[in-house]
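Visitor: Take a look and give me a structure for this.
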Amino acid sequence: MFSSGLEESAWLVNFSPRHRRRLYKMAFGMSRKQLQNIRNVQSFLEQACDFGAHSPRIIQHVNPDVFYDQPHLNRIFKKVTGFAPVEYFEASSILQDNLMSASYNENKNR
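Guide: Numbering: from 1, shown residues only. Model (predicted):
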């Protein structure tokens, strides 16, 4: 269904938007937008951010090509993880490891 980077493959473009939504739901159990949101949150988490400080500055680590601004990041982050970004970094590392396992196990050579 996808080429690299979650771009739709050429054969999928021929279907109507409604049928594509059905195919996404059938194959992944979620919409393309939800998949993209997960990917965007993972790209944010892959950054080497220093959130050990008492009052972290998340705005310095927001990629404007992915998130419009920090409130956009906060809203999507909370939808995906159930936590605000600051709450997430204060939470147990087990939660962080589980959420990031998919991105670390991805084959980057595709």
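Visitor: All the helices of this protein, in order from the start?
Guide: 10-13, 17-28, 32-45, 70-81, 85-90, 93-105 (DSSP state H).
Visitor: quick one, which of the ones you listed is nearest to residue 63?
Guide: helix 32-45 (7.0 Å; Cβ to Cβ). Bear in mind the C-beta positions are built from the backbone N, C-alpha and C, glycine included.
Visitor: Now that closest one: buried residues?
Guide: 32, 37, 38, 39, 40, 41, 42, 44, 45 (16 or more other Cβ atoms under 10 Å).
Visitor: is it possible to export the residues you listed to a markdown table including distance to residue 10?
Guide: What follows is those, written out as a markdown table (distance: Cβ to Cβ, whole Å):
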| residue | distance to residue 10 |
| --- | --- |
| 32 | 16 |
| 37 | 24 |
| 38 | 24 |
| 39 | 20 |
| 40 | 24 |
| 41 | 28 |
| 42 | 26 |
| 44 | 29 |
| 45 | 31 |
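Visitor: Pick the one among those residues closest to residue 73.
Guide: Among the buried residues of helix 32-45, and counting by Cβ to Cβ, the member closest to residue 73 is residue 44, at 6.7 Å.
Visitor: From what I see, the closest one and residue 65 are in contact.
Guide: No - assessed by Cβ atoms under 8 Å, residue 44 is found out of contact with residue 65, at 11.6 Å.
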